[in-house]
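*Asks:* This is the structure alone, sequence omitted:
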């Protein structure tokens, strides 16, 4: 399995199927340096996707921030380390871009995963997701 850059449109099916997004496009997809990536099999089957780009974190507005969003792993592939591959890819990209904070909005069901891979939970109140109407929780990691 490997992580590779993909066109934004390739992320849409997992955003819809795994995350339950009604609108497959995120406001963050419009960031100037937004990038989209996937974990694929050698044959090109997509098992996990994610997106990221430069955006300062509301908790640390004076620090160079890097946000990720729409991390989705096929239901039958969860627990196999594919989410960790995505996070490692985003983390390396942020470090190579000399960012200081890596952050995201997470749903409650993913908080344990993000804490296991080194993120902290913020107490900053976040809006509900416009795509799912679920509450968002801000997670962050200082780099």
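*Replies:* Looks like it arrived, so ask away. If you're wondering where the values come from, they're calculated on a predicted model, not measured in any experiment.

*Asks:* Secondary structure element for residue 113, which one?
*Replies:* Taking DSSP states H and E as the definition, one finds residue 113 inside helix 111-116.

*Asks:* And residue 138, by the same measure?
*Replies:* Using DSSP H and E, residue 138 maps to strand 135-142.

*Asks:* quick one: contacts of that strand?
*Replies:* Strand 135-142 has contacts (Cβ atoms under 8 Å, 6 or more residues apart in numbering) with 57-60, 91, 100-108, 111, 114-115, 118-122, 124, 126-129. In this view, the C-beta of every residue, glycine as well, is placed from N, C-alpha and C.

*Asks:* Show the buried residues in those.
*Replies:* 57, 91, 100-106, 114, 119, 122, 129 (16 or more other Cβ atoms under 10 Å).

*Asks:* Show me these that map onto strands.
*Replies:* Using DSSP state E, 101, 102, 103, 104, 105, 106, 122 are the members of the buried ones among the contacts of strand 135-142 that sit in strands.

*Asks:* ok, now which ones touch residue 27?
*Replies:* Applying Cβ under 8 Å, 6+ apart, no residues qualify as near residue 27.
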